[in-house]
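# Just a sequence and a predicted model for now, questions to come.
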Amino acid sequence: MLTKRLSAAVSYLLAAVILVVLNPTSDAQDQKQDTISTAADGSEKVCAEIVDPQGARLEELEKTLSGAALVGRFTDSSKADGLPTPERYELAAVKHLGNNQWLFKARIRYGEHDVTVPLTLPILWAGDTPVITVDKAPVIGLGQFDARVMIFRDHYAGYWSGGDHGGHLFGKVVRERKAEAAAPEKVKPAANPKPAVSQ
């Protein structure tokens with residue numbers, strides 16, 4: 001009788017030991033599976049987000065600039081007064097051609113110039129921000145220019161140079177009918193003070 005009881009107790013003890021030993025392993029395996037599953041899900045989500053982020057940016061930039069106008073001002077180091085001059089770039093269509101090259105069908109208006117030209121310009125990216133990047137780019141009727149112009153949140157800003165002069169440029173990206181309404185007023189030259197009258 002005692003032997004049977006001891007045998008039963010040993011059996012229960014062994015069963016308990018087995019449960020204690022095996023159960024953590026089972027939990028660890030479950031946790032491992034969960035971790036692997038979570039990692040796989042995370043990877044899939046990340047992959048879904050970064051499959052082609054640049055493709056989405058290119059499409060968004062085409063949409064943002066096509067039919068828009070860059071309306072702002074520029075400075076010119078060759079001008080003694082240093083006052084900003086109004087400028088306006090009307091973009092009928094902007095298309096990505098591949099290999100960082102973009103086709104701009106643009107009407108360029110600044111100072112006494114008003115020309116409509118097709119321009120193929122490189123756009124490079126600083127993270128998620130497009131930068132029009134040109135070196136010695138010929139513009140029919142205007143000359144040859146270098147420039148770095150950043151576009152961000154419906155604004156543009158940068159630096160240009162041509163020949164022996166250059167300056168800053170900045171303004172807004174305006175779309176559709178708002179473009180005409182937002183055209184900058186002409187910069188008026190500062191009035192000359194009246195000469196002092198001698199007594």
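Right, received. Where do you want to start? Numbering: from 1, shown residues only.

# Got the confidence number for Lys4?
The pLDDT attached to Lys4 in the predicted structure is 53.

# what's the answer for Val117, then?
Turning to Val117, the model gives it a pLDDT of 87.

# Find the nearest non-adjacent residue to it, please.
The shortest distance from Val117 to any residue other than its chain neighbours is 5.0 Å, reached at Ile140 (Cβ to Cβ, 6 or more residues apart in numbering). For every residue, glycine as well, the C-beta is placed using N, CA and C.

# if I look at that neighbour, how far off is Leu119?
Separation of Ile140 from Leu119 (Cβ to Cβ, to the nearest Å): 9 Å.

# Look at these two and report which has more neighbours.
Taking Ile140 and Leu119 together and counting by other Cβ atoms under 10 Å, Leu119 has the greater number of neighbours (19 against 11).

# I figured the more buried one hits Leu103, correct?
Yes: under the criterion of Cβ atoms under 8 Å, Leu119 lies in contact with Leu103, with a separation of 7.4 Å.

# Contacts only, for Arg57.
With contact set as Cβ atoms under 8 Å, 6 or more residues apart in numbering, Arg57 has these partners: Trp125, Asp128, Pro130.

# so which of the residues you listed comes closest to Tyr89?
For these, the closest approach to Tyr89 (Cβ to Cβ) belongs to Pro130, at 14.8 Å.

# Helices of this structure, residue ranges please.
2-50, 53-65, 178-181 (DSSP state H).

# what is the mean pLDDT for the second one?
Same thing as helix 53-65. Confidence over helix 53-65, taken as the mean pLDDT, stands at 93.

# For it, buried residues please.
Along helix 53-65, the positions that meet the burial threshold by neighbour count (16 or more other Cβ atoms under 10 Å) are Leu58, Leu61, Thr64, Leu65.

# need those in CSV with distance to Gly82, can you?
Output for the buried residues of helix 53-65, formatted as CSV (distance: Cβ to Cβ, whole Å):
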residue, distance to Gly82
Leu58, 37
Leu61, 32
Thr64, 31
Leu65, 29
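
# Closest one of these to Glu90?
Ranked by distance to Glu90 (Cβ to Cβ), the buried residues of helix 53-65 are led by Leu65 at 10.9 Å.

# and the nearest residue to the closest one once chain neighbours are set aside, how many residues sit next to it?
Nearest residue to Leu65, sequence neighbours excluded (Cβ to Cβ, 6+ apart): Val94, at 4.0 Å. Close neighbours of Val94, defined as other Cβ under 10 Å, add up to 21.

# Show me what Val94 bridges to in the sheet.
Using DSSP bridges, the bridge partners assigned to Val94 are Phe104.
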